[in-house]
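**Q** structure, please.
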Amino acid sequence: MAQQLTEKEIAGDILSGFKLNAAGYLQAVLEAQDPSIRQAFVDYQNQCLASQEKIFRYMQDQGWYKVPMNQETLS
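**A** Coordinates of the predicted model:
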């Protein structure tokens, strides 16, 4: 019998995918010679980052993604 994925696992996979896509778009931006193609990749990366933030915030709200806070960096 196949095990069902939890909502947390699915969200984590989506978040990982967005992180991978953002890195790929950054590489494409850095390598693009044509300004219109470069701008297209910048736009795609911005869309990807906006979507990544949404899933990150959702996971954080659910208590599934906790970012460690360093007290020294908060001062």
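
**Q** which neighbouring elements make contact with the longest helix along the chain?
**A** Determined from DSSP state H, the single longest helix within the chain is helix 35-62. Secondary-structure packing of helix 35-62 (3 or more C-beta pairs under 8 Å, 6 or more residues apart in numbering; DSSP states H and E): helix 7-31. Backbone N, C-alpha and C define where each C-beta goes, glycine included.

**Q** any buried residues in the helix it packs on, and which?
**A** 11-12, 14-15, 18, 21-22, 25, 28-29 (16 or more other C-beta atoms under 10 Å).

**Q** which regions of this protein sit below the pLDDT cut-off?
**A** For the chain, the stretches with pLDDT under 70 are 71-75.

**Q** again, only using 90
**A** For the chain, the stretches with pLDDT under 90 are 1-3, 65-75.

**Q** so which of the buried residues of helix 7-31 is the closest to Gln45?
**A** Using C-beta to C-beta, Tyr25 comes nearest to Gln45 of the buried residues of helix 7-31, at 3.6 Å.

**Q** quick one, what contacts that closest one?
**A** 41-42, 44-45, 48 (C-beta atoms under 8 Å, 6 or more residues apart in numbering).

**Q** kindly report the same for Phe41.
**A** Phe41 neighbours (C-beta under 8 Å, 6+ apart): 25, 28-29, 32.

**Q** of those residues, which pair is most distant in space?
**A** Tyr25 and Ala32 (10.2 Å).

**Q** helix/strand/coil for Val67?
**A** Following DSSP: H, G, I helix; E, B strand; the rest coil, the label given to Val67 is coil.

**Q** wait, isn't it in contact with Gln60?
**A** Yes - with contact defined as C-beta atoms under 8 Å, Val67 reaches Gln60; the gap is 7.4 Å.

**Q** just put the buried residues of helix 7-31 in TSV and tack on distance to Ile37.
**A** What follows is those, written out as TSV (distance: C-beta to C-beta, whole Å):
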residue	distance to Ile37
Ala11	32
Gly12	32
Ile14	27
Leu15	27
Phe18	22
Asn21	17
Ala22	18
Tyr25	12
Ala28	8
Val29	9
